[in-house]
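J.: give me a 3D structure for the following:
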Amino acid sequence: MELHFTYSELFLEYKTLLTKHQAEIFDFYYNCDLSLAEISELKNVSRQAVSDSLCKTRDLLENYERSLRLLEKKRALIKCANEIKDDEQKAQLLKMIGEL
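T.: Residues are numbered from 1 along each chain as shown. Purely as a prediction, here's the structure:
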């Protein structure tokens with residue numbers, strides 16, 4: 001389940017770097033909780049094509065994170081923000097992080 005959540009976070013950070021087809025399949029599977037069969041029917045492709053696309057997309061997202069480290073940096077900023085005692089400053093920083 002944690003890995004599932006991590007892929008969803010990576011998708012949010014890097015979805016603009018994916019093709020429309022990759023993004024749709026990934027979103028259907030991880031965020032809409034559709035099965036491979038349901039996605040293959042919606043996209044009019046085989047279950048194997050859906051599976052291959054998911055595998056390729058996961059690899060791409062992992063490679064983007066290894067190279068760019070956006071999610072790692074965002075998590076570090078959130079951790080720092082949570083250590084701020086002033087609630088107003090904390091809220092302001094968390095809002096800015098959310099807009100990244």
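
J.: in what helix or strand does the most centrally placed residue in the chain lie?
T.: Closest residue to the average C-alpha location of the chain: F11 at 2.0 Å, with C-alpha atoms, centre = their mean. Per DSSP states H and E: F11 is located in helix 2-14.

J.: picking that back up, in this structure the residue nearest to the centre of the chain contacts Y29, no?
T.: No: checked against C-beta atoms under 8 Å, the pair F11 and Y29 is beyond contact range at 10.1 Å. No exception for glycine: its C-beta is placed from N, CA and C like everyone else's.

J.: where does the chain dip in pLDDT?
T.: 99-100 (pLDDT under 70).

J.: distance from the centroid: which residue in it tops it?
T.: The chain, C-alpha atoms, centre = their mean, max distance from centroid: D86 (30.3 Å).

J.: can you tell me how far that one is from L18?
T.: For D86, the distance to L18 (C-beta to C-beta, to the nearest Å) stands at 38 Å.

J.: same check, this time on S53
T.: S53 is 10 Å from L18, by C-beta to C-beta.

J.: got any residues that touch both of these two?
T.: Listed contacts common to S53 and L18 are F26; contacts here mean C-beta atoms under 8 Å, 6 or more residues apart in numbering.

J.: what's the lengthiest helix in the chain in contact with?
T.: Longest helix in the chain, counting residues (DSSP state H): helix 47-68. By C-beta under 8 Å, 6+ apart, the residues outside helix 47-68 that reach it are 7, 10-11, 13-14, 17-18, 21-22, 25-26, 29, 36-37, 39-40, 43, 70-72.

J.: right, I'll leave it there.
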